[in-house]
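Trainee: build the 3D model from these lines:
(chains A and B)
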Amino acid sequence: MQTEATTADLNAENLRRAEIDRSLKGPVLFLFTNAAFWLMASTLMGFIAALKLVSPSFLEYSWLTYGRLQPAHLMALVYGWGLQAGLGVALWLIARRTANVLKSGQGTLITLGILWNVMITIGVISILAGGSRSIEWLEFPQGIWLAMLGIFLAFAFKIVGMAAKPVRAESFTITNMYVVAACLCFPWIFITANHLLNNLELGALGAGISSWYVHGVILLFFVPIGVGSAYYFIPKITGQPIHSAQLANLGFWLLAIFAGWTGMQRYMAGPLPGWMTSIGSMAGVTLLISVGIVGLNHHLTTLGSHKLVESSPTLRFTFFGALFYPVSGVLLALISAFWTGANLQFTHAWYGYQIVSVYGFFSMCVFGAIYYIVPRLAGCEWLSVRLIRNHFWFSAYGISVIVVTSMVGGLQQGSSLNDPNNWNATFWSVVSNGNAYVAARAVAWALILWSNTWFLIHLVLMVAGLGRRSSAPTLMTREHEDHLPVSEGAKA
Amino acid sequence: MTNFRIFVFKLAAAFGLPWLFLIVWPAISYQGLGPVSYDKDKGDELDTAYWYPLAAPANTQGAKLYAAEGCVQCHSQMIRPPQVALDGWRKGWGQNQEARPAEPARGTTLRDYFGEKHSFLGITRGGPDLANVGYRFTNRTDVHMHLYTPQARNSWSNAPAYKHLYSVRKIQGQGAAAALPLKGTRFEPKRGFEVVPTAEAEVLVDYLMSLKRDYAKPLTHAVAAAPAKK
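Mentor: Model prediction:
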């Protein structure tokens, strides 16, 4: 039973939202479309790289050797897709949370977005052409990091600025905390790692710092954006408030406190001072508490609304992503703890961890966000349920396969390396133990490539304004569509 | 507003602590770390005229090429001590090339990587460790053969062939001394042609041959570094 006043409020609220969406349309859609392109490029490179690991003479060109293709694949995934899509989601989330309209600077942001893509293109091409620096996740040539930093800061400035000056007083919530943390921590980590590794002679400590950088980007950029997005969309779609504000707070601060200590444990039992690897190991395992708390909170919020996971594309992707967050936490604990780490060190397990965090968890949450955001910005609805379903199942299946095979293959590889019975065996015994799993990885990337191609096409059609003209959202089970109360006002 | 400020301060404290103590402070104190001398009186084989590490794996050009080709994706350069893993016992991973060495290769230490801008400790072990590969190869031709046709040396190898570091050219006169001995293998070039390493391949091989870290380190280097306090 709505009274006159609340209807007016609701209308004002809807108009405000529409205004925010209109102001964000250009930059956010630009970021999403280009990110989706890089995702497809990265998937293609991942597919070829996995094939080349099994059969090195396949496509024997200098610029396609595994040593160049693998870093190019990950760099495209991290900077082309991850950071770009993450910034798009962050911008929209904060604008909506704080009810801020992006007043000016759309053109600048798009120009900077174009520059970002130029930088990534230069970087990826230079890796393939033989300019890789072999510092993990910092393989791009030295010259472009400052430009990348500047572009990131320009976006972060807008996002943090909105968060600092909310229109609604009550709006500094858990989503804002995560997103702001991501926007502040990434430049901090990026500057530190680039400055130290470019300008100082660090020897083995340099390897430790580069590993700290990778863990930092995962835990303090990808995780916050993914979790922040999940904290926004799960309550939004289910219509239930976040189950516990205390748990949400605790989960965030545990992450903020422990994430910075991780990284060095990758070189456990190596040349780094023992306390560094030990503290990394401790932090990697302790993060399980934070991960468990966030997982529990998401679970309790979703409880009773699981039917919506079936029908809402946003909730389905976000739910799957949120489900993969605990998985990534467990994987981190496994590769960090000394008793499992000795066998998982230097194996495919590390790749598994990178993919489960960047793709299984982060990207699935971002897909969920994109399925929600794009119709609101583009002014039309997703064209085809079948394409969304195709995207979901191939991605979910492919990622699960990559994660499982990387872990099992890594364990096989590592324990074979550490098996005293193999003292006289050639290195082939170690390699062959992992090979079947790498072949499975290639198949999985092929499936994901298929799904991503259609995702890109679908997204481009939406951005071009060729989506479905309808007031009802595209849902994944038909019967819901019929029940939806469609009012004339909602069409605006 | 104040809410937001407090949040930023708390975040800066939470992340600033590891940033300072795990990264910045060690990076600065590493700059002050120097070599330590051997001492015969304390049980070393060498006397105080010698310093550990004996030599840095020099050749920055070769290291650059090692990075550019992404060797680090599949080759580690880090030996874990025998109480953790079997790295040191694997054939050819240390100084002793016997199938069953009497002593395992020692674990690598921080000083073993002096002189490197950032070390290639490794990402995965798709191939064997290279921390001590300089002992494994006794001549340059073997390394060139591994780079040009990994499968010619070990049929099972899944290493990529770095053919672009070599040039195939017409034999002139008696042929180049550096030409690879590919005769009889399935990688043999056409009749009248030979495969010779480019300058790039040579510096890469220089670098690989210089990777020798499995020699005795000073027994008392930790004590020797600091004078006794009264």
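Trainee: C-alpha only now, for contacts and for neighbours.
Mentor: Fine.
Trainee: can you give me the pLDDT of B:L204?
Mentor: Per-residue pLDDT puts B:L204 at 95.
Trainee: and what of A:S363?
Mentor: Note on A:S363: pLDDT of 96.
Trainee: is whichever strand or helix holds A:R389 anywhere near chain B?
Mentor: A:R389 is located in helix A:385-417, with elements delineated by DSSP states H and E. Yes. Helix A:385-417 lies within reach of chain B by C-alpha under 8 Å from any C-alpha of the partner chain, at A:L417.
Trainee: isn't B:L86 right up against A:N421?
Mentor: No. Contact criterion C-alpha atoms under 8 Å: B:L86 and A:N421 do not qualify, at 10.6 Å.
Trainee: pick out whichever of those two has more residues nearby.
Mentor: The residue with more neighbours, out of B:L86 and A:N421, is B:L86; 19 against 9, by other C-alpha atoms under 10 Å in any protein chain shown.
Trainee: out of everything not next to it in sequence, what's closest to the more buried one?
Mentor: In this structure, B:L86 finds its nearest non-sequential neighbour in A:N418, 5.3 Å apart by C-alpha to C-alpha, 6 or more residues apart in numbering or on different chains.
Trainee: tell me how far whichever helix or strand A:T286 is part of lies from the chain's centre.
Mentor: If you go by DSSP H and E, A:T286 is part of helix A:274-302. Taking the mean of its C-alpha atoms, helix A:274-302 sits 18 Å from the chain's own mean (C-alpha atoms, centre = their mean, to the nearest Å).
Trainee: report all helices and strands that the helix or strand just after that helix contacts.
Mentor: Sequence order places helix A:306-311 as the next helix or strand after helix A:274-302, per DSSP H and E. Identification of packing neighbours for helix A:306-311 by 3 or more C-alpha pairs under 8 Å, 6 or more residues apart in numbering or on different chains; DSSP states H and E yields helix A:313-336.
Trainee: counting by contacts, list what the helix it packs on packs against.
Mentor: helix A:223-238, helix A:274-302, helix A:306-311, helix A:338-344, helix A:348-355, helix A:364-378, helix A:385-417.
Trainee: coming back round to it: could you list every helix and strand in contact with the helix holding A:R389?
Mentor: For helix A:385-417, the packing partners by 3+ C-alpha pairs under 8 Å, 6+ apart come out as helix A:313-336, helix A:338-344, helix A:348-355, helix A:428-463.
Trainee: mind redoing it with 6 Å?
Mentor: Packing partners of helix A:385-417 (3 or more C-alpha pairs under 6 Å, 6 or more residues apart in numbering or on different chains; DSSP states H and E): helix A:338-344, helix A:348-355, helix A:428-463.
Trainee: mind checking the SS state of the closest residue to chain B within the stretch 1-150 of chain A?
Mentor: Evaluated by C-alpha to the nearest C-alpha, the stretch 1-150 of chain A has A:G67 as its residue closest to chain B, separated by 3.9 Å. Using DSSP: H, G, I helix; E, B strand; the rest coil, the structure places A:G67 in helix.
Trainee: which residues touch the residue lying closest to it once chain neighbours are set aside?
Mentor: What sits nearest to A:G67 in space, not counting adjacent residues and going by C-alpha to C-alpha, 6+ apart, is B:G70, at 3.9 Å. If you count contacts by C-alpha atoms under 6 Å, 6 or more residues apart in numbering or on different chains, B:G70 has them with A:G67, A:R68, A:S134.
Trainee: is the helix ranked longest in chain B up against chain A anywhere?
Mentor: Longest helix of chain B, by residue count under DSSP state H: helix B:2-18. Yes. Judged by C-alpha under 6 Å from any C-alpha of the partner chain, helix B:2-18 comes into contact with chain A at B:A14, B:F15, B:P18.
Trainee: quick one: that helix to helix A:274-302, angle?
Mentor: 150 degrees (axes from the mean of the first three to the mean of the last three C-alpha atoms, to 10 degrees).
Trainee: and helix B:2-18, how far out from the chain middle?
Mentor: That offset, for helix B:2-18, works out to 40 Å (C-alpha atoms, centre = their mean).
Trainee: could you check the angle the helix holding A:T286 makes with helix A:223-238?
Mentor: Using the same axes, to 10 degrees, helix A:274-302 lies at 10 degrees relative to helix A:223-238.
Trainee: thinking A:A182 is in contact with A:F221, fair?
Mentor: Yes. Look at A:A182 against A:F221 with C-alpha atoms under 6 Å: they come within range, at 4.5 Å.
Trainee: and chain A, what are its domains?
Mentor: Structural domains assigned to chain A are A:25-172, A:305-481, following automatic domain parsing.
Trainee: burial count for A:G409?
Mentor: Neighbour count for A:G409, taken as other C-alpha under 10 Å: 25.
Trainee: confirm B:E194 sits in a strand?
Mentor: Yes. Counting by three-state DSSP, B:E194 falls inside a strand.
Trainee: what's the pLDDT at it?
Mentor: pLDDT, B:E194: 92.
Trainee: repeat for the one 4 residues further on
Mentor: In this prediction, B:T198 carries a pLDDT score of 94.
Trainee: for it, give its distance to B:G70.
Mentor: As for B:T198, its distance to B:G70 is 18 Å (criterion: C-alpha to C-alpha, to the nearest Å).
Trainee: for A:W423, same thing?
Mentor: 28 Å.
Trainee: ok, now A:S363?
Mentor: Distance from A:S363 to B:G70, counting by C-alpha to C-alpha: 26 Å.
Trainee: swap in A:A444?
Mentor: For A:A444, the distance to B:G70 equals 24 Å [C-alpha to C-alpha].
Trainee: pull the residues that contact stretch A:302-318.
Mentor: For stretch A:302-318, contacts defined as C-alpha under 6 Å, 6+ apart pick out A:A230, A:T238, A:M364, A:C365, A:G368, A:Y371, A:Y372, A:L475, A:M476, A:T477.
Trainee: quick one: distance of it to the chain centre.
Mentor: 20 Å.
Trainee: neighbours of A:I218, just the number please.
Mentor: So A:I218, with other C-alpha under 10 Å, has 21 neighbours.
Trainee: among the helices and strands of chain B, which has the poorest mean pLDDT?
Mentor: The helix or strand of chain B with the poorest confidence is helix B:221-225; it has a mean of 47 (mean pLDDT, DSSP states H and E).
Trainee: how about the nearest residue to the residue nearest the centre of chain B, chain neighbours excluded?
Mentor: Nearest to the geometric centre of chain B sits B:A131, at 4.2 Å (C-alpha atoms, centre = their mean). Once flanking residues are discounted, B:A131 sits nearest to B:Q77: 4.0 Å by C-alpha to C-alpha, 6+ apart.
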